[in-house]
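K.L.:
build the 3D model from these lines:
(chains A and B)
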Amino acid sequence: EDKVVQSPLSLVVHEGDTVTLNCSYEVTNFRSLLWYKQEKKAPTFLFMLTSSGIEKKSGRLSSILDKKELSSILNITATQTGDSAIYLCAVEARAGGTSYGKLTFGQGTILTVHP
Amino acid sequence: NAGVMQNPRHLVRRRGQEARLRCSPMKGHSHVYWYRQLPEEGLKFMVYLQKENIIDESGMPKERFSAEFPKEGPSILRIQQVVRGDSAAYFCASSPPNAGTVGEKLFFGSGTQLSVL
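P.N.:
As a prediction, this is how the structure comes out:
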């Protein structure tokens, strides 16, 4: 059975701090790893990673995949209170030569940023 | 272009009643997925549907739960004879056909919070 584990489960920081969120996975027929931000409503897409060692960046957020270690990290620099949310990691697997939106999610990391 | 629409946002049911959750996919999307999020847990896949077809229901409990996506109208997730353990947030997602690597083309609705008294 596919499995995704995130750490830490929760994190409390102050504005301006840098945080690193971790995600490790065990999945058959890996296709991609995704990061989402969830703020009491719909998870919103942040990054999709398919290749090892290539950093994806969007403003203060960045992420990288290590397929050898079966893991990924999400970095947030100069955190702001608006970054407070649950960050979800998910993996997408191939199924019979194709893939579809059957994602396996980790339990999430609750990030709280204090002013 | 409206996003994935779910209703109701909140649903309260007493034990033994039926719950019907609705999901209208994004325009142009013909693939619908239902996920459940229990308190302090990640999202768990339940079912994947295309118009009039259930493609993968491996995450659906065998009893009391059913899903449909008719030719016309929204997708419906139905839970019969609800129990307290069914209390959760139910999210719907949709993707376009022939999406290849689906991940970044998957869009989630805001969810329905089901509370069973």
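K.L.:
tell me which strands the helix or strand of chain A with the lowest mean pLDDT pairs with, and in which orientation.
P.N.:
Lowest on mean pLDDT, DSSP states H and E among the helices and strands of chain A sits strand A:98-105, with a mean of 78. Strand A:98-105 has its sheet partners listed here by DSSP bridges as strand A:85-95 (antiparallel).
K.L.:
wait, a helix at residue A:82?
P.N.:
Yes - Residue A:82 sits within a helix when classified using DSSP: H, G, I helix; E, B strand; the rest coil.
K.L.:
excluding residues flanking it in the chain, which one is nearest it?
P.N.:
residue A:113 (7.9 Å; CB to CB, 6 or more residues apart in numbering or on different chains). All C-beta atoms are positioned from the backbone trio N, CA, C, and that covers glycine.
K.L.:
how many other residues sit next to that neighbour?
P.N.:
Look at residue A:113: counted by other CB atoms under 10 Å in any protein chain shown, it has 20 neighbours.
K.L.:
thinking it is in contact with residue A:13, fair?
P.N.:
Yes - the pair residue A:113 and residue A:13 qualifies as a contact (CB atoms under 8 Å) at a distance of 5.7 Å.
K.L.:
shared neighbours, these two?
P.N.:
Residues touching both residue A:113 and residue A:13 by CB atoms under 8 Å, 6 or more residues apart in numbering or on different chains: residue A:79.
K.L.:
contacting residues for residue A:93?
P.N.:
Residue A:93 touches A:2, A:27, A:28, A:29, A:30, A:31, A:99, A:102, A:104, counting by CB under 8 Å, 6+ apart.
K.L.:
from residue A:30, how far out is the residue nearest to residue A:82?
P.N.:
Counting by CB to CB, to the nearest Å, the gap from residue A:113 to residue A:30 is 31 Å.
K.L.:
for residue A:93, same thing?
P.N.:
6 Å.
K.L.:
what helix or strand is the nearest residue to residue B:37 once chain neighbours are set aside on?
P.N.:
Leaving aside its sequence neighbours, residue B:37 sits nearest to residue B:89 (CB to CB, 6+ apart; 4.4 Å). Using DSSP states H and E, residue B:89 falls within strand B:88-95.
K.L.:
that strand packs against which elements?
P.N.:
Counting by 3 or more CB pairs under 8 Å, 6 or more residues apart in numbering or on different chains; DSSP states H and E, the packing neighbours recorded for strand B:88-95 are strand A:98-105, strand B:5-7, strand B:19-24, strand B:31-37, strand B:75-79, strand B:107-108, strand B:112-116.
K.L.:
so it versus strand A:98-105, what angle?
P.N.:
Comparing the axes of strand B:88-95 and strand A:98-105 via axes from the mean of the first three to the mean of the last three CA atoms, to 10 degrees yields an angle of 150 degrees.
K.L.:
tell me the buried residues in strand B:88-95?
P.N.:
Neighbour-count burial for strand B:88-95 flags B:88, B:89, B:90, B:91, B:92, B:93, B:94, B:95 (criterion: 16 or more other CB atoms under 10 Å in any protein chain shown).
K.L.:
can you list the strands that that strand pairs with?
P.N.:
Assessed with DSSP bridges, strand B:88-95 is paired to strand B:31-37 (antiparallel), strand B:107-108 (antiparallel), strand B:112-116 (antiparallel).
K.L.:
which residues does residue B:23 contact?
P.N.:
B:4, B:5, B:6, B:32, B:34, B:74, B:75, B:76, B:77, B:92, B:94, B:109.
K.L.:
buried residues in stretch A:16-33, which are they?
P.N.:
Going by neighbour count (16+ other CB under 10 Å), the buried part of stretch A:16-33 is A:19, A:21, A:23, A:24, A:25, A:27, A:30, A:31, A:32, A:33.
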